[in-house]
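*Asks:* Okay, predicted coordinates and the sequence, questions at the end:
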Protein chains: 2
Amino acid sequence: MIRLEEKTIKSETIFEGRVVRLQIDQVELPNGETSTREIVKHPGAVSVMAVTNENKLVLVRQFRKPLEKTILEIPAGKLESGEDPIDCAFRELEEETGYRAAEMQHVYSFYTSPGFADEYLHLYLAKGLTKGKNQPDQDEFVELVELTLEECLDKIAEGDICDAKTVAAVLLWQNRTLRGRSG
Amino acid sequence: MIRLEEKTIKSETIFEGRVVRLQIDQVELPNGETSTREIVKHPGAVSVMAVTNENKLVLVRQFRKPLEKTILEIPAGKLESGEDPIDCAFRELEEETGYRAAEMQHVYSFYTSPGFADEYLHLYLAKGLTKGKNQPDQDEFVELVELTLEECLDKIAEGDICDAKTVAAVLLWQNRTLRGRSG
């Protein structure tokens, strides 16, 4: 196996915010030369794939300032300091949608943008849903939307579902459905 | 439909780098209150799902400084200024893996981290592969790895495949395979 690692020569924090920290690292490359890396540090997050008894995926419509547009996503949220991802999954699902889950099953964890950020996202499958009232954060405004698999696939084709975690959840759901049909 | 949009009151650029720009926006929320949003601006990127004639997915092993580890990913890269995503897909596949594709088919485009970044990633399916010699960028060190679908699924379970675009590509591949099997 060839050497691929980069050695940190110097690390400088440019900005420390409520959500992200920006740091610039000077690195020694595997060939001995140097380069810089712009790195966004993030606390990590969870997202929840919740399918209702009517076989609909629970989504939220939310304005995303970085995109300057409103998009459809599965419920998700940042980890609070020291919070266990599974607790965060139960909490975010209930806060954003009002759905309480009897059980949370871990599906995948992945880095959303490994080229420039360390955000690590845990995807959970919620089971045994019961509906209550949603209570989003003070600065969070969301609208609940429930869609069938076919509607989700249409929304992907139309570009209304256009974020990585939601596309992954829909593919996974389609996958499970195909598996079910093919035996 | 309830009002979800946030209005920009003030936008300040904190850092402008080679890859990202960090900006802090002060916003007016739908309820009239104010908040701040930490936003990472990114030029956008492409990723390529390339399956060889031996029915193996073409991956690269690459050190990712934000994660401080080496992970397996499908070939990907940032868009150059004014570059058409499809040209970028042909270019990145060849630079990183040496594979030349006869055809590129657009599959999905998605935002990788809509909560804090505007990175928009285009996923392409490469067809008609022929093998040449790879030529990565000066500060890029990659190792070519080719895996079957079953090996990819094992790598996801082991956490060696752990980035969003690669998980999405593997799910899509599995999906197409299931569809093929079930007719």
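*Replies:* Nice, thanks for sending it over.
*Asks:* Which stretches in chain A count as helices?
*Replies:* A:85-97, A:149-158, A:164-181 (DSSP state H).
*Asks:* Could you tell me how far the second one lies from the centre of the chain?
*Replies:* If you compare the mean C-alpha spot of helix A:149-158 with that of the full chain, they lie 19 Å apart, counting by CA atoms, centre = their mean, to the nearest Å.
*Asks:* I figured A:Ser35 hits B:Asp139, correct?
*Replies:* Yes: between A:Ser35 and B:Asp139 there is a contact under CB atoms under 8 Å: 4.3 Å. Where you see a C-beta, it was placed from the backbone N, CA and C, and this is true even at glycine.
*Asks:* do the helix-or-strand element of chain A with minimal mean pLDDT and chain B meet at all?
*Replies:* Lowest by mean pLDDT, DSSP states H and E among the helices and strands of chain A is helix A:164-181, with a mean of 91. Yes: interface with chain B: helix A:164-181 contributes A:Ala164, A:Lys165, A:Thr166, A:Val167, A:Ala168, A:Leu171, A:Leu172, A:Gln174, A:Asn175, A:Leu178, A:Arg179, A:Arg181 (CB under 8 Å from any CB of the partner chain).
*Asks:* surely the first one meets B:Thr112?
*Replies:* Yes: applying CB under 8 Å, one finds A:Ala164 in contact with B:Thr112, separated by 4.9 Å.
*Asks:* which neighbours do the two share?
*Replies:* In terms of CB atoms under 8 Å, 6 or more residues apart in numbering or on different chains, A:Ala164 and B:Thr112 are both contacted by the residues A:Thr112, B:Leu121, B:Ala164, B:Lys165.
*Asks:* Report the contact partners of the first one.
*Replies:* The neighbourhood of A:Thr112, defined by CB under 8 Å, 6+ apart, consists of A:Glu119, A:Tyr120, A:Leu121, A:Ala164, A:Lys165, B:Thr112, B:Ser113, B:Asp163, B:Ala164.
*Asks:* one more time with 7 Å
*Replies:* By CB atoms under 7 Å, 6 or more residues apart in numbering or on different chains, the contact set of A:Thr112 is A:Glu119, A:Leu121, A:Ala164, B:Thr112, B:Ser113, B:Ala164.
*Asks:* about what we covered before: so among the residues of helix A:164-181 next to chain B, which ones count as buried?
*Replies:* Listed as buried from these are A:Ala164, A:Lys165, A:Thr166, A:Val167, A:Ala168, A:Leu171, A:Leu172, A:Gln174, A:Asn175, A:Leu178; burial here means 16 or more other CB atoms under 10 Å in any protein chain shown.
*Asks:* Any chance of those in CSV with distance to B:Arg100 as columns?
*Replies:* Shown next, in CSV, are these (distance: CB to CB, whole Å):
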residue, distance to B:Arg100
A:Ala164, 28
A:Lys165, 32
A:Thr166, 33
A:Val167, 28
A:Ala168, 29
A:Leu171, 28
A:Leu172, 32
A:Gln174, 31
A:Asn175, 31
A:Leu178, 32
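*Asks:* now, which of those sits nearest B:Ala157?
*Replies:* Using CB to CB, A:Leu172 comes nearest to B:Ala157 of those, at 13.8 Å.
*Asks:* Quick one: residues contacting that closest one.
*Replies:* Here A:Leu172 is in contact with A:Met49, A:Val107, B:Leu171 (CB under 7 Å, 6+ apart).
*Asks:* care to break chain A down by domain?
*Replies:* A:7-41, A:45-178 (automatic domain parsing).
*Asks:* Deepest-packed of these, please.
*Replies:* Among those, domain A:45-178 has the highest mean neighbour count (mean count of other CB atoms under 10 Å in any protein chain shown), at a mean of 19.
*Asks:* now the strands for chain A?
*Replies:* A:7-16, A:21-28, A:34-41, A:45-50, A:57-64, A:69-73, A:76-78, A:99-111, A:120-131, A:142-147 (DSSP state E).
*Asks:* So what sits opposite the residue lying closest to A:Ile9 once chain neighbours are set aside in the bridge?
*Replies:* Excluding the flanking residues, the one nearest A:Ile9 by CB to CB, 6 or more residues apart in numbering or on different chains is A:Gln26, at 4.3 Å. With DSSP bridges as the criterion, A:Gln26 is bridged to A:Lys10, A:Thr36.
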